[in-house]
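> Predicted model, plus sequence, below.
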Amino acid sequence: MKKLMAISMLVAMVAVTSPAFSDLTVTSEADAFMYASAADTNYGTGTQLEMKNSGSPIRKSWIRFNISTWDSGTAVTSATLKLTTVYISGTTSSASFNVYALNNGTDFGSGRLSEDWSETGITWNNAPGNAAANGLDASYTTHVGSFSWSGGEPAAGTEFSVTLSDLAAINDSRNGDDIVTFIVLRTDTNNTNAFFASRENTNDPELTLTPEPATMTLLGLGGIGLLIRRRRRAQ
Ligand SMILES: [Ca+2]
Ligand SMILES: [Ca+2]
Ligand SMILES: [Ca+2]
């Protein structure tokens, strides 16, 4: 009888550690930057993602991830966006950036593309969530993280792993369609270049998500409790 219970518990434990609930790391499925002074031109196939917030035309980057390989019922409890510098120039000893999630939705306003925007079609004028100057449309975007450097220029190839804090926004954005777009804006106004690798380069943008472990552990323990209760009733 003890042996039977041990086997039952083992089965329950195996269910708890199902690989469907592991961390997921994916690289971007589409990425592009846009350029205020060439508002109808697409910059989706270049090797850099550019962000700039100075008199020299403003640039912003859109980065989309597809997480359909992850179990759709699993909540995200931790999310990290990794970007790697590829070109830094103009004595960029400091720079700062904001990351936004594009909200879940099908309509982002007149003339705007959907969440499933085309990498070779997205521009300043049709990007979902874009707004004038260095702003975004607050009805369609949510701030989820920030990163910066100061006191020296990072070398090309430096990785920035950005912890994304607004997990509710990320969970909301992937609901139903399993795609999430992040938008990266530069916030300082130094007229310097601080650019990151696109997926057409090496060191593609990368998203790592961690699932809700507590829920799975409780389900597993609940299963064990049920087995024990059944055993007691049978005795
Ligand atoms: Ca691209
Ligand atoms: Ca979505
Ligand atoms: Ca690549």
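Okay, I see it. Here the structure is a predicted model, which is why all the values come from computation and not from measurement. Ligands and ions are numbered 1, 2, ... in the order given.

> so residue 30 makes contact with residue 49?
No: with contact defined as Cβ atoms under 8 Å, residue 30 does not reach residue 49; the gap is 11.4 Å. (Glycine included, C-beta is placed from N, CA and C.)

> neighbour-wise, which of those two wins?
The residue with more neighbours, out of residue 30 and residue 49, is residue 49; 27 against 20, by other Cβ atoms under 10 Å.

> Show the contacting residues for the more buried one.
Shown in contact with residue 49 (Cβ atoms under 8 Å, 6 or more residues apart in numbering): 31-33, 61, 63, 83, 184, 195-198, 205.

> Just name the closest of these to residue 119, please.
Set against residue 119, the nearest of the contacts of residue 49 by Cβ to Cβ is residue 32 (5.7 Å).

> The helix or strand encompassing that closest one packs against which elements?
Per DSSP states H and E, residue 32 falls inside strand 30-35. Using 3 or more Cβ pairs under 8 Å, 6 or more residues apart in numbering; DSSP states H and E, the elements in contact with strand 30-35 are strand 48-50, strand 59-66.

> ok, the residue nearest to residue 188 when sequence neighbours are not counted to residue 206 distance?
Sequence neighbours aside, residue 96 is the residue nearest to residue 188 in space, at 4.9 Å (criterion: Cβ to Cβ, 6 or more residues apart in numbering). Residue 96 is 21 Å from residue 206, where distance means Cβ to Cβ, to the nearest Å.

> do the same with residue 161
9 Å.

> which residues sit against the strand holding residue 32?
Contacts of strand 30-35 (Cβ under 8 Å, 6+ apart): 41-44, 46, 48-51, 57-64, 117-119, 122-124, 127, 130, 198-199, 205.

> Is ligand 2 within reach of that strand?
No: contact of strand 30-35 with ligand 2 is not found when judged by Cβ under 5 Å from the ion; the minimum separation is 12.9 Å.

> which parts of that strand are buried?
Neighbour counts over strand 30-35 (16 or more other Cβ atoms under 10 Å) mark 30-35 as buried.

> average pLDDT across that strand?
When pLDDT is averaged over strand 30-35, the result is 98.

> how big is the angle separating it from strand 59-66?
Put simply, strand 30-35 runs at 170 degrees to strand 59-66, going by axes from the mean of the first three to the mean of the last three Cα atoms, to 10 degrees.

> Please put the alpha-carbon coordinates of strand 30-35 into PDB.
In PDB, the C-alpha atoms belonging to strand 30-35 read as follows (Å, rounded to 0.1, in the frame of the first residue of the first chain):
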ATOM      1  CA  ALA A  30       9.400  41.000 -36.500                       C
ATOM      2  CA  ASP A  31      11.300  44.200 -35.600                       C
ATOM      3  CA  ALA A  32      11.600  47.600 -37.200                       C
ATOM      4  CA  PHE A  33      12.400  51.200 -36.300                       C
ATOM      5  CA  MET A  34      10.700  54.300 -37.700                       C
ATOM      6  CA  TYR A  35      11.900  57.700 -38.500                       C
END
